[in-house]
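Novice: Can you look at this prediction? I've put the sequence above it.
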Amino acid sequence: MRIDIVTIFPEYLAPLDVSLIGKAAAAGILDVRVHELRTWTHDRHNTVDDSPCGGGPGMVMKPEPWSEALTQIVPPGTEDGARLIVPTPSGRPFTQRIAEDLATASHLVFAPARYEGIDRRFIEAAAERMPVEELSIGDYVLAGGEVAVLVMVEAVGRLLPGVLGNAESAKDDSFGHSSDGGMAGLLEGPVYTKPASWDGREVPPVLLSGNHAVIARWRRDQALRRTSEMRPDLIAALDSAALDKKDRAQ
Ligand SMILES: N#Cc1c(-c2ccc3ccn(Cc4ccncc4)c3c2)n[nH]c1N
């Protein structure tokens with residue numbers, strides 16, 4: 001997968017050079033390219049913004065630099081497999097399902113804006129060339145989209161084959177809507193490791209029993225408990241077939 005990120009703060013994306021994504025890029029699984037938006041300005045001040053038409057607070061990002069950037073990154077006729085992702089507080093909620101969908105793309109272009117956002121006409125023009133996703137990473141207000149790009153690139157990148165050391169762990173994700181182990185749509189329960197006793201606190205004996213069927217049942221019960229406590233909305237959303245009556249009674 002190729003990932004292009006256009007921003008006026010390239011240094012904000014430096015964390016993509018480390019850990020999971022950095023290793024994937026070094027292994028050739030990911031081709032991550034960060035671009036300075038001002039590359040596509042032509043005035044002496046490298047202007048990327050202007051006052052909002054109709055008045056109002058702040059500034060709006062001009063469509064021209066973004067359009068020139070996108071045209072160079074995705075030249076006409078090469079749009080197949082390319083998707084434009086625009087982080088915005090007014091976007092669709094970014095979820096694991098969306099991450100899984102984006103992980104199937106061959107080329108993602110991220111447009112993290114600043115100020116009050118990008119002139120709408122850029123989005124409209126881009127949507128005539130390729131799919132455009134306007135996404136939000138949560139119900140709070142940030143100062144720009146770069147943080148959202150870091151979140152989305154990690155959530156998508158970890159799903160790509162060969163990125164996670166143990167491919168299984170991606171299947172047991174929280175919010176994992178995967179069908180594995182009957183945990184679909186539930187939050188992960190508690191995890192433990194050695195030592196068996198620490199600070200006067202014991203690892204639940206069931207986890208040391210070696211009885212994998214009992215352990216699996218215990219983990220599912222813990223996942224249900226955790227989900228009911230932290231995200232009752234997810235319980236309500238679970239398909240009844242996925243949740244037998246016994247579970248509902250808990
Ligand atoms: N994803 C996401 C986001 C953002 C976000 C994303 C991109 C931009 C570009 C500019 N801003 C600042 C701004 C613009 C308009 N209204 C309020 C603030 C952004 C915020 N805020 N909160 C989220 N969950």
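Specialist: Right, received. Where do you want to start? Residues are numbered from 1 along each chain as shown.
Novice: center of this protein, which residue is that?
Specialist: Met152 (2.6 Å; C-alpha atoms, centre = their mean).
Novice: Give the buried residues for the strand or helix carrying it.
Specialist: Following DSSP states H and E, one finds Met152 within helix 146-157. Judged by neighbour count using 16 or more other C-beta atoms under 10 Å, the buried positions of helix 146-157 are Glu146, Ala148, Val149, Leu150, Val151, Met152, Val153, Glu154, Ala155, Val156, Gly157. (C-beta placed from N, C-alpha, C; glycine too.)
Novice: Return the list of helices and strands in contact with it.
Specialist: Where contact means 3 or more C-beta pairs under 8 Å, 6 or more residues apart in numbering; DSSP states H and E, helix 146-157 is packed against strand 2-7, helix 19-26, strand 82-93, helix 96-102, strand 107-110, strand 132-136.
Novice: Break this protein into its domains for me.
Specialist: 2-157, 177-248 (automatic domain parsing).
Novice: What mean pLDDT does the shortest one get?
Specialist: Looking back up the chat, that one is domain 177-248. For domain 177-248, mean pLDDT is 87.
Novice: Please state the offset of it from the chain centre?
Specialist: In terms of C-alpha atoms, centre = their mean, to the nearest Å, the gap separating the centre of domain 177-248 from the centre of its chain is 24 Å.
Novice: Then the longest one?
Specialist: If you compare the mean C-alpha spot of domain 2-157 with that of the full chain, they lie 13 Å apart, counting by C-alpha atoms, centre = their mean.
Novice: ok so, going back, tabulate the helices and strands packed on helix 146-157 (CSV), appending mean neighbour count.
Specialist: Below are these laid out as CSV (neighbours: other C-beta atoms under 10 Å):
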stretch, mean neighbour count
strand 2-7, 22
helix 19-26, 16
strand 82-93, 18
helix 96-102, 17
strand 107-110, 23
strand 132-136, 18
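Novice: now, among the buried residues of helix 146-157, which is nearest to Thr95?
Specialist: Comparing the buried residues of helix 146-157 against Thr95 with C-beta to C-beta places Ala155 closest, at 9.2 Å.
Novice: Thought Glu100 was touching the closest one, still the case?
Specialist: No. Using C-beta atoms under 8 Å, Ala155 makes no contact with Glu100, being 9.2 Å away.
Novice: Compare the helices and strands packed on helix 146-157 and say which comes out lowest on pLDDT.
Specialist: Here the lowest mean pLDDT among the helices and strands packed on helix 146-157 goes to helix 19-26, at a mean of 93.
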